[in-house]
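Trainee: Structure for the following, please:
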Amino acid sequence: NVSPNGLITYTLAYTNSGNMNATGVVLTDAVPANTTYVSGGSESGGIVTWNIVSLAAGASGAQQFIVRANVPLPNGTVIRNANYGLDSDQTPPVSSGPVDVTVNSGNIAGLVWDDLNGDGVHDPGEPGLPNAVITLIWDSQVAVMVTNASGYYTFTGYPAGNYTVLEQNPPGYPLNTTPN
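Mentor: So this is what the prediction gives:
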C-alpha cells in the first residue's frame with residue numbers, strides 16, 4: 001500500500017535460463033498511471049529502459065526504478081504496473097504478470113456556516129454558506145474548491161499530513177473567527 005505522494009520502488013528481476021549467452025538484452029517498463037517517474041533506468045516518454053547489453057547463460061540480475069503516487073488519489077485506487085518486459089537478440093520479448101499497489105488516502109472536509117450568534121460553534125438553525133472559496137495548502141501544492149449548496153466541502157484523496165485550510169466567504173458575509 002502507498003499514500004498519495006508516497007514512493008513506490010519496483011524491482012525487475014531477470015535470469016538467462018538458456019544455455020547460451022544473450023546479447024542485445026533490453027529491459028523496459030512503463031511508468032504506471034497515477035504516478036510520476038522519480039529515478040532508476042533511463043526514462044523517456046513514460047518508458048523506463050535498461051540496456052543490459054549481454055547476459056551470460058545462467059546469469060541473473062535486477063534493476064529498480066522509483067515512482068511517486070500522484071496527489072490526490074481516492075482511497076482504494078489501484079496502481080497497476082503491467083507493462084514490463086525483457087527482450088534480446090536470441091529470443092522474442094517476454095513479459096510478466098501485473099503488480100498492483102493500493103492507495104490509502106483520506107479526506108479533508110468541513111462546513112462553512114453563518115455563525116448567527118458569533119459563538120464559533122455550529123448551532124441548529126445556522127445555515128451553511130454556499131460558494132465560499134476554500135483553499136487547501138500543503139508543501140508547495142495548492143487545491144481550491146467552493147462549498148456546495150449546504151456549505152460543505154471535501155478534498156478527497158490526500159495523504160496524512162499537515163495542511164492549511166483557508167476560507168474566503170461569499171460576498172456579504174464577514175469572516176469572524178473569534179467567538180463573542
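Trainee: now Ala33, what's its secondary structure?
Mentor: coil (DSSP: H, G, I helix; E, B strand; the rest coil).
Trainee: Now it, what are its backbone angles?
Mentor: phi -60, psi 150 (degrees, to the nearest 10).
Trainee: Which residues does the helix or strand of the chain with the lowest mean pLDDT contact?
Mentor: Least confident helix or strand of the chain, by mean pLDDT, DSSP states H and E, is strand 94-95 with a mean of 91. With contact meaning CB atoms under 8 Å, 6 or more residues apart in numbering, strand 94-95 is reached by 83-87. C-beta: built from backbone N, CA, C; applies to glycine.
Trainee: Might you list the low-confidence residue ranges for this structure?
Mentor: For the chain, the stretches with pLDDT under 70 are 175-180.
Trainee: of the contacts of strand 94-95, closest to Ser42?
Mentor: Tyr84 (14.5 Å; CB to CB).
Trainee: Skipping its backbone neighbours, what lies nearest that closest one in space?
Mentor: Nearest residue to Tyr84, sequence neighbours excluded (CB to CB, 6 or more residues apart in numbering): Asp29, at 3.7 Å.
Trainee: what packs against the helix or strand harbouring that neighbour?
Mentor: Per DSSP states H and E: Asp29 is located in strand 22-30. Strand 22-30 sits against strand 7-15, strand 47-55, strand 84-87, with contacts defined as 3 or more CB pairs under 8 Å, 6 or more residues apart in numbering; DSSP states H and E.
Trainee: can you put the ones you listed in TSV and add mean neighbour count and distance to Tyr37?
Mentor: Formatted as TSV, the helices and strands packed on strand 22-30 follow (neighbours: other CB atoms under 10 Å; distance: least, CB to CB, whole Å):
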stretch	mean neighbour count	distance to Tyr37
strand 7-15	15	11
strand 47-55	17	7
strand 84-87	18	14
